[in-house]
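Enquirer: Whatever this is, show me its structure:
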Amino acid sequence: MAPVTLNVYDLTSQMNSWTYWCGVGVFHAGVEVYGIEYAYGGHDYDVSGIFATRPREAPGAAFRESIHMGETDLTAAQVQHLVQQMGHHYKGNKYHLLQLNCNHFASDMCLQLTAKPVPSWVSRLAGLAVMLHCFLPGSWVPPLQTPSAMPEVQSNVPVARGKRRAITRDASRQKLLDSPLSDEPPPLDTSASRV
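Expert: All right, here's what the predicted structure looks like:
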């Protein structure tokens, strides 16, 4: 078993020094496992936006704290495979400051490795900004993406300790892990689909 650590960074340390104690802030997060930290960022290309760095050395951010998220039974090779599969969903040109950012990636990766999401305060500010988007100046935040019109599906995806669990997500996020850690894909259960 390998420890899984969430590394949290300040993107605006001056503002975060005031807002952190209120449970919000502008944070970057990466997931450390097997001595590598994985994070997600945006770029202009339709390829994975996931990148790897040395732990606690994210570029352009000031390290704040590490949070032990649990342990994973996945091997280093299985973690690499998981990251590659997640890259199909977390493409650089799909990055969105509020709706699909590094904190969303970190939470999804922690869910896959430990079955626990990141603490809510890490991405709380983005969630609040989505809810209050209509009150914010357009120059402050990018336009919101419309929700997918695709139906929700239920499928088995690989998670911590080699177990499978059912996760209901909209179909656009279901592609997060479109193949399991084994050679055969899990069966797709469409009985829970909504049209």
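
Enquirer: mind listing the helices for this protein?
Expert: Counting by DSSP state H, the chain has these helices, from start to end: 13-19, 76-86, 102-114, 124-131, 171-174.

Enquirer: The third one relative to helix 76-86, how many degrees between them?
Expert: In other words, helix 102-114. With axes from the mean of the first three to the mean of the last three CA atoms, to 10 degrees as the basis, helix 102-114 and helix 76-86 are set at 140 degrees to each other.

Enquirer: Would you mind pulling up the elements that helix 102-114 packs against?
Expert: Contact partners of helix 102-114 among helices and strands, from 3 or more CB pairs under 8 Å, 6 or more residues apart in numbering; DSSP states H and E: strand 2-10, strand 27-33, strand 36-40, strand 62-72, helix 76-86. C-beta coordinates here come from the backbone N, C-alpha and C atoms, glycine included.

Enquirer: neighbours around Pro119, how many?
Expert: Residues lying near Pro119 (other CB atoms under 10 Å) number 16.

Enquirer: Who are the contact partners of it?
Expert: Contacts for Pro119 (CB atoms under 8 Å, 6 or more residues apart in numbering) come out as 6, 67.

Enquirer: how much space between it and His89?
Expert: Note on Pro119: its distance to His89, by CB to CB, to the nearest Å, is 22 Å.

Enquirer: Over to His43?
Expert: 15 Å.

Enquirer: The two: which has the busier surroundings?
Expert: Taking other CB under 10 Å, His43 and His89 do not tie; His89 has more neighbours (22 against 13).

Enquirer: Look at the more buried one and report its pLDDT.
Expert: According to the prediction, His89 has pLDDT 96.
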